[in-house]
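Colleague: Kindly return the folded structure for what I paste below:
(one chain, ligands or ions: 1)
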Amino acid sequence: MKNKKKIVIANWKMNLSLKESLALTGQIKKKISRLNLVDKQAILCPDFLAITEISKILKKSKITLGAQDVFYEGKGAFTGQVSPKNLQTTGCQYVIVGHSEKRALGEDYQTINKKAKAVIAEKMIPIICVGETLAERKKGQSDKVVANQIKQATVSLGKKGKFLLAYEPIWSISTSGSGQVIDSQEAARMFAVIKKVLSSRFINYLLIYGGSVSPKTIADFSKIEDVSGVLVGGASLKADSFIQLLKNA
Ligand code: PGA
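Modeller: Below you'll find the predicted structure:
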């Protein structure tokens, strides 16, 4: 699938209070409305608590609403979970599934696959995350690990199932503590590996890079062949920085 617009996804994680989330949304909306960013798509992924209020702010704006997680069941005795249907009714269109910070808490790819399917069933688009650890990279296992993650995450998704595949080398995430970031050539090589795995199985997917993306480095990654955009944590937490990301993507 080809995407003409460059996508910038803000993953605010658990960094903002409700008040801060609403204020940041308002600031971003105001700034974007003054710009003519026709070839860019902004997706905001606040925490669950903020999502309904933010959806009201984003009505009639060009900004798209996303979520950081979801549960795969539709309804029932699942304390603490949020259903895909409830997310969908807020106007949420994208859902991050299997972020490495969830995987670090025990989420496996069988669960990630269930979540991706449940998101698609509610006519939303999953942002499926994959990526190797530093230890796996050092052992030369990156290609194999990522290929396996993709295969597990996409089991019976259907050839036409629409999804974003976010490659986030875990050691490149700004808070990983490794102090290292993948260079764009190696990222491009990894995307070639990823495309090989995906292209024979699916037709409706887009590729996204994530890990320490900043206004300075965004173009290095967003311009990699067949990469449609980026998933950003730290640099998405300030309105000016997020706008700069959109401009430079
Ligand atoms: P970062 O986070 O941009 O702060 O590295 C990216 C992510 O974890 O999705």
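Colleague: and the residue of the protein nearest the ligand?
Modeller: Taking CB to the nearest ligand atom, the ligand has its nearest neighbour within the chain at residue 233, 2.5 Å off. All C-beta spots, glycine's among them, are computed from the backbone N, C-alpha and C.
Colleague: you'd agree that residue is up against residue 168?
Modeller: No: using CB atoms under 8 Å, residue 233 is not in contact with residue 168, being 9.4 Å away.
Colleague: so what sits against both of those two?
Modeller: Common contacts of residue 233 and residue 168 (CB atoms under 8 Å, 6 or more residues apart in numbering): residue 210.
Colleague: If you count surrounding residues, which of the two has more?
Modeller: residue 168 (27 against 23; other CB atoms under 10 Å).
Colleague: ok, now which ones touch that one?
Modeller: 99, 100, 129, 130, 131, 209, 210, 211, 231.
Colleague: try 10 Å this time
Modeller: Taking CB atoms under 10 Å, 6 or more residues apart in numbering, we find residue 168 in contact with 11, 98-101, 129-132, 176, 182, 208-213, 230-231, 233.
Colleague: One more: residue 69?
Modeller: 45, 47-48, 81-82, 87, 95-99, 101-102, 107, 115.
Colleague: which of these count as buried?
Modeller: 45, 47, 82, 87, 95-99, 101-102, 107, 115 (16 or more other CB atoms under 10 Å).
Colleague: if we take the residues you listed, which one ends up nearest to residue 163?
Modeller: residue 97 (8.9 Å; CB to CB).
Colleague: Assign the most far-flung residue of the chain relative to its centre to helix, strand or coil.
Modeller: Relative to the centre of the chain, and counting by CA atoms, centre = their mean, the farthest-placed residue is residue 77 at 28.0 Å. Look at residue 77: counting by DSSP: H, G, I helix; E, B strand; the rest coil, its state is coil.
Colleague: And it, how close does it get to residue 71?
Modeller: Distance, residue 77 to residue 71, using CB to CB, to the nearest Å: 12 Å.
Colleague: In space, what's closest to residue 75 - neighbours in sequence excluded?
Modeller: Spatial nearest neighbour of residue 75, chain neighbours left out: residue 83 (6.1 Å); criterion: CB to CB, 6 or more residues apart in numbering.
Colleague: I meant to write residue 58 there.
Modeller: Among residues not flanking residue 58 along the chain, residue 65 sits closest, at 5.5 Å (CB to CB, 6+ apart).
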